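[1] I'll drop the sequence and a predicted model, then ask my questions.
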Amino acid sequence: MKIAVITGASSGMGREFVRQIPHFYMNLDELWIISRRKDRLEAIAKTCSVPVRIFAGDLTDPMFLQTVKDTLQRLRPDIRMLVNAAGFGKSGTVLDIAKEEWPAQSEMVRLNCEALTNMTLLCAPYLSQGSRILQIASAAAFAPQPQFAVYAATKSYVLSFSRALGAEWKKKGIYVTAVCPGPVDTEFFERCGQPENPLKKMTMAKAPNVVKQALLDARRKKAVSIFGFWMRALYILVRIVPVSWILNVQTIGKK
């Protein structure tokens, strides 16, 4: 049984991957979609052209992960694609976020880093030559970001983990792509807070476009998928400019 596994599938980029993957992989037998919101998963499943298996639960809950693991061991599918799209962000200074919603930052680390790693390792035995992994990072991974410190740090982890894993698994013919978009017009900003930076507003991308680019880049075996001219320019810039300069520019007017 050939399948694709998508976490964070109930909204945003995860939901868009559910929509687009069947058009990129015509021979899939099932999509396995994962999110906490069962009602949304059921609604998405009704619109999908491929049979869907729903896993409704919290990826940071060991008991839920065990459920996924048990199903994998029982059915032993051939995972052609894994998309780790589950994650969230919260903007503001570290201390301000802690005062307003004190567990949010540790939850970010658990979901954005720990859960992503756990899902990758759970699926690893069922990947084979030609399988693809897409790890949803962010352009925030390119450099430290005051007012977005923990989120950017978690995405730096995703980018670094993905590139190292891709190097380890290349000989197996398993290809890992870190997806690093800038701001994407999704529900992400309902919890994160609307961007105030004019550059972020100007470079806001549409989820269907970012997902299509990511799938094309995965097909091309690219290690990193970056959508749009401005984010590619940023990727180059941060490799040239000292981090201290970047931090100084970001903190101007925020003291």
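    Cool, got the structure.

[2] Quick check: phi and psi on residue 176?
    Per-residue torsions, residue 176: phi -110, psi 130 (degrees, to the nearest 10).

[3] Look at residue 13 and say how many residues are nearby.
    Close neighbours of residue 13, defined as other CB atoms under 10 Å, add up to 25. Bear in mind the C-beta positions are built from the backbone N, C-alpha and C, glycine included.

[4] Likewise for residue 203?
    For residue 203, the count of nearby residues is 20 (other CB under 10 Å).

[5] now do the one 10 residues further on
    Summarising burial for residue 213: neighbours were counted as other CB under 10 Å, giving 18.

[6] give me every residue that touches the residue lying closest to it once chain neighbours are set aside.
    The shortest distance from residue 213 to any residue that is not its chain neighbour, by CB to CB, 6 or more residues apart in numbering, is 4.9 Å, and that residue is residue 227. For residue 227, the contacting residues are 181, 182, 205, 209, 210, 213, 214, taking CB atoms under 8 Å, 6 or more residues apart in numbering as the criterion.

[7] How about residue 31?
    Contact criterion CB under 8 Å, 6+ apart gives 3, 4, 5, 6, 18, 21, 22, 48, 50, 51, 52, 53 as the residues in contact with residue 31.

[8] If we use 6 Å, what do you get?
    For residue 31, the set of contacting residues under the criterion of CB atoms under 6 Å, 6 or more residues apart in numbering consists of 4, 50, 52.

[9] which regions of the stretch 101-250 of the chain sit below the pLDDT cut-off?
    In the predicted model of the stretch 101-250 of the chain, residues 187-202 satisfy pLDDT under 70.

[10] Do you have the strands of it handy? List them.
    Counting by DSSP state E, counting those that start in this stretch, residue ranges of the strands within the stretch 101-250 of the chain are 127-136, 175-179, 224-225.

[11] Switch the contacts of residue 227 over to TSV; also include distance to residue 140.
    Supplementary listing: these in TSV, determined by distance: CB to CB, whole Å:
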residue	distance to residue 140
181	10
182	9
205	14
209	19
210	14
213	18
214	16
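
[12] So which of these belong to helices?
    In helices, defined here by DSSP state H, the members of the contacts of residue 227 are 209, 210, 213, 214.

[13] Now the residue nearest to the first one when sequence neighbours are not counted. Its backbone dihedrals?
    The shortest distance from residue 209 to any residue that is not its chain neighbour, by CB to CB, 6+ apart, is 6.8 Å, and that residue is residue 227. Main-chain torsions, residue 227, degrees, to the nearest 10: phi -90, psi 130.

[14] Okay, residue 227 and residue 128: tell me how far apart.
    As for residue 227, its distance to residue 128 is 28 Å (criterion: CB to CB, to the nearest Å).

[15] And for residue 212?
    Taken as CB to CB, the span from residue 212 to residue 128 is 25 Å.

[16] now swap in residue 90 and tell me
    Using CB to CB, residue 90 is found at 37 Å from residue 128.

[17] who's more crowded, the two?
    Remark: of residue 90 and residue 128, residue 90 carries more neighbours, 18 against 13, as counted by other CB under 10 Å.

[18] any idea which helix or strand carries that one?
    Mapping residue 90 onto the secondary structure by DSSP states H and E places it in no helix or strand at all.

[19] Just give the number of residues close to the residue lying closest to it once chain neighbours are set aside.
    The spatially closest residue to residue 90, leaving aside those adjacent along the chain, is residue 104, at 4.8 Å (CB to CB, 6+ apart). As a burial measure, the neighbour count of residue 104 was computed by other CB under 10 Å and equals 17.
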